[in-house]
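> need a structure here:
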Amino acid sequence: MGGLVSAMQWFALLAKLALPLSRWYGNFYIVVLAILLWYKTHVFTYTIDAVAEEAVVLFFFAVLLHSRLALLGRGYGTKRASILMLVTWLGPVVAFIYGFHLSYQVYVLQLDVILASVGLGSLMLEAVLIAVLGLVLADNLAERLVLLLGSGATVAAGVVLGLLHLSLESSTAFPDQDQPTTVSMR
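Residues are numbered from 1 along each chain as shown. Below you'll find the model as predicted:
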């Protein structure tokens, strides 16, 4: 039993170390995506609706990400499993927005794919670390179950979105054609 407690304490330490890295990457990601959105509006043809949609998604993603990380910091600081349960259930929502940036923007650049993939991977790793820390902090079986289900939902959402991106990237509507055809209407 002593080895198991020691391993859980190491996971808890890793989870605490992941918080500053998550905060740094979250800020970096939002700033770079805002710059990329500005860049794409100047290089590519965007309708005002598409720019507004992507700007609003980015704004709400920033609010959600910072709220989630603030709750995570509070959960670590107070050592309360109830706060960590809320954080784990915000994870799938964050994963879906990373998935939007990964595949569903009007123009998805390779840098978008790299940044969103790193964010999605770190979110899934964070979910596993939170689950282990939550297992140490939880007082009863119900809290442990909610933590495990929330972390599992976050990891599952990340895996599904990653696989969905891979399936979209490998398929094309015109398999015999390297470049899409531009059609102009008169």
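> following the lowest-mean-pLDDT helix or strand in the chain, which helix or strand comes up?
Using mean pLDDT, DSSP states H and E, helix 2-43 stands out as the lowest-scoring helix or strand of the chain, at a mean of 82. Using DSSP states H and E, the next helix or strand after helix 2-43 towards the C-terminus is helix 48-78.
> buried set for that following helix?
Buried positions in helix 48-78, judged by neighbour count with 16 or more other CB atoms under 10 Å: 50, 54, 57-58, 61-62, 65, 68-69, 72-73, 75-76. (Each C-beta comes from the backbone N, C-alpha and C, glycine too.)
> Going by distance to Leu21, which of these wins?
Leu21 lies nearest to Leu69 out of the buried residues of helix 48-78, by CB to CB, at 10.6 Å.
> And for the residue nearest to that closest one when sequence neighbours are not counted, the neighbour number?
Sequence neighbours aside, Arg23 is the residue nearest to Leu69 in space, at 5.4 Å (criterion: CB to CB, 6 or more residues apart in numbering). Arg23 has 16 neighbouring residues, counting by other CB atoms under 10 Å.
> Arg23 reaches Ala70, doesn't it?
No - in this structure Arg23 lies outside contact range of Ala70 using CB atoms under 8 Å: 9.2 Å.
> Touching, Phe44 and Leu109? I think so.
No - if you go by CB under 8 Å, Phe44 and Leu109 don't touch, sitting 9.6 Å apart.
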